[in-house]
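[1] no letters, just coordinates:
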Ligand code: NZQ
Ligand code: ZN
């Protein structure tokens, strides 16, 4: 196991009866709040009323930034920075899914820079300071409520790029599984696929020295498979929503990749697809992952894929290891299909002629290769896209 430092300073307030503590958590950091949210789900579900009442009752001044899109746009962050400066705000409260939280992170990091927020995303500006952020999570998927990452889309340049900074790690996050009861089936399934993908990006490596972390990963994957199906079919099953919500935070908060070096592969390939046609992130990951694993299957990787088959899906050993590995990949595909995720890129609007340009852009944005489970160059990425079509 390699050396590592593990530190996650986000306070988690988990469960049904925590939200009343919101004002006291905010007041530790500020008193003039920008409340950021998406396209209106929080108004339909009543979360908006609950939160604004708590702020008003405690006399906390707030302004709103509504309308963060799924695949959050850089323009929304520009608007947020403007409101903060005009109103002299000192705290950001993100109420929503990963898109709302990611947009809030970019706002927090850009307020003290006199430059276009996009420059932060493309690493042309480095934040030295950020406004504190708190989150109220409404969708289990990205883990953004407990990590340092943010993924932003620029529709003009057709780029979707992730950036990170310890400065934007949320100070606190409220995780009430009941707030996710209303997540539509499509986003419930996409969220489960996203959690699983974060786990698998860390798990699938040929460096097996982090035995403990890999067993954590298998536990998270089993949790997603068991409760993903239940939440998909019974949206208000508390146990399912609670287990998914907690798995969501642990899949990407740094635990699973401690002690191993692991560059991600499927996320970069998916982000490029999302940038091209606004594809739902988790769907893209679920479509690509089986084809990626099959592409990676070789003498060096076969044992790890067999571990996955045995320990996650309970498959029995076979004489031919490759047959077992292929069965494991089939099982993964079957699971994604069982929760209503389309099987191929064609179903979500891609055509074969789109793919070479997307593969080229993916590799260009990642310094010539994706050095993950196996190293992928442009032709490998294109092959995986084509196999997913
Ligand atoms: O916008 P509203 O009206 O709120 O509706 C949202 C949106 O339409 C809806 N929704 C959220 N909570 C709901 C709800 N509908 C009903 N009831 C609720 N309780 O769900 C839709 C999707 O929301 P979004 O925030 O876009 O989803 P998600 O959490 O999956 O975030 C996706 C974004 O996060 C990025 C993705 O690339 C994508 O841009 N990622 C961020 C990461 C990070 N920060 O660490 C890592 C991930 O790998 C990922 O790349
Ligand atoms: Zn993801």
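    Good, I have the coordinates. The model shown is predicted, which means the values in this text are computed figures rather than measured ones. Ligands and ions are numbered 1, 2, ... in the order given.
[2] quick one: the helices in the stretch 151-300 of the chain, in order.
    185-203, 211-233, 238-250, 266-277, 281-296 (DSSP state H, counting those that start in this stretch).
[3] reformat those as a markdown table; add distance to residue 106, mean pLDDT and mean neighbour count.
    Where C-beta positions appear, they are placed from N, C-alpha and C, glycine not excepted. Compiled in a markdown table, the helices of the stretch 151-300 of the chain are given as follows (distance: least, CB to CB, whole Å; pLDDT from 0 to 100; neighbours: other CB atoms under 10 Å):
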| stretch | distance to residue 106 | mean pLDDT | mean neighbour count |
| --- | --- | --- | --- |
| helix 185-203 | 19 | 98 | 25 |
| helix 211-233 | 28 | 98 | 19 |
| helix 238-250 | 20 | 98 | 22 |
| helix 266-277 | 15 | 93 | 23 |
| helix 281-296 | 17 | 98 | 25 |
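[4] so which of these gets nearest residue 178?
    The closest of these to residue 178 is helix 238-250. By CB to CB, the value is 6.9 Å.
[5] counting contacts, what elements does that closest one pack onto?
    Applying 3 or more CB pairs under 8 Å, 6 or more residues apart in numbering; DSSP states H and E, we find helix 238-250 packed against strand 11-14, strand 172-175, helix 185-203, helix 211-233.
[6] report the angle between it and helix 211-233.
    Calculated by axes from the mean of the first three to the mean of the last three CA atoms, to 10 degrees, helix 238-250 forms an angle of 140 degrees with helix 211-233.
[7] residue 151 bridge partners, please.
    residue 162 (DSSP bridges).
[8] hmm, it is touching residue 160, no?
    Yes - between residue 151 and residue 160 there is a contact at 6.4 Å, judged by CB atoms under 8 Å.
[9] which stretches of the protein have low pLDDT?
    Under the criterion pLDDT under 70, no range of the chain is flagged.
[10] how about the residues of the protein by ligand 1?
    Taking CB under 6 Å from any ligand atom as the criterion, the neighbours of ligand 1 within the chain are 38-42, 45, 70-71, 96-100, 102, 138-139, 141-144, 147, 149-151, 179-180, 182-184, 187, 191, 194, 252, 267, 281.
[11] in stretch 109-126, what counts as buried?
    109, 110, 111, 113, 116, 117, 118, 120, 121, 122, 125 (16 or more other CB atoms under 10 Å).
[12] contact partners of it?
    By CB atoms under 8 Å, 6 or more residues apart in numbering, the residues outside stretch 109-126 that reach it are 74, 77-78, 81, 84-85, 106-107, 127-131, 150, 152, 154, 161, 163, 165, 167-168.
[13] next one: stretch 50-57
    With contact meaning CB under 8 Å, 6+ apart, stretch 50-57 is reached by 19, 20, 22, 23, 26, 33, 35, 42, 62, 93, 95, 136.
[14] for the second one, helix, strand, or coil?
    I take that to be residue 20. With DSSP: H, G, I helix; E, B strand; the rest coil as the basis, residue 20 sits in helix.
[15] neighbours around it, how many?
    Neighbour count of residue 20, defined by other CB atoms under 10 Å: 11.
[16] quick check: closest non-adjacent residue to it.
    Nearest residue to residue 20, sequence neighbours excluded (CB to CB, 6 or more residues apart in numbering): residue 54, at 6.9 Å.
[17] which strand or helix spans residue 100?
    Applying DSSP states H and E as the criterion places residue 100 in helix 98-110.
[18] that helix: what's the following helix or strand?
    helix 117-121.
[19] figure out how far that next one is from the centre of its chain.
    A distance of 19 Å separates the centroid of the chain from that of helix 117-121, by CA atoms, centre = their mean, to the nearest Å.
[20] ok, then the element right after that helix?
    strand 133-137.
[21] elements contacting that following strand?
    Applying 3+ CB pairs under 8 Å, 6+ apart, we find strand 133-137 packed against helix 22-27, strand 91-96, helix 98-110, strand 172-175.
[22] separation between residue 59 and residue 28?
    For residue 59, the distance to residue 28 equals 16 Å [CB to CB, to the nearest Å].
[23] more neighbours, these two?
    Per other CB under 10 Å, whichever of residue 59 and residue 28 has more neighbours is residue 28, with 12 against 8.
[24] pull the contacting residues for that one.
    Residue 28 makes contact with residue 171 under the criterion CB under 8 Å, 6+ apart.
[25] look up how far ligand 1 lies from it.
    As judged by CB to the nearest ligand atom, to the nearest Å, residue 28 and ligand 1 stand 23 Å apart.
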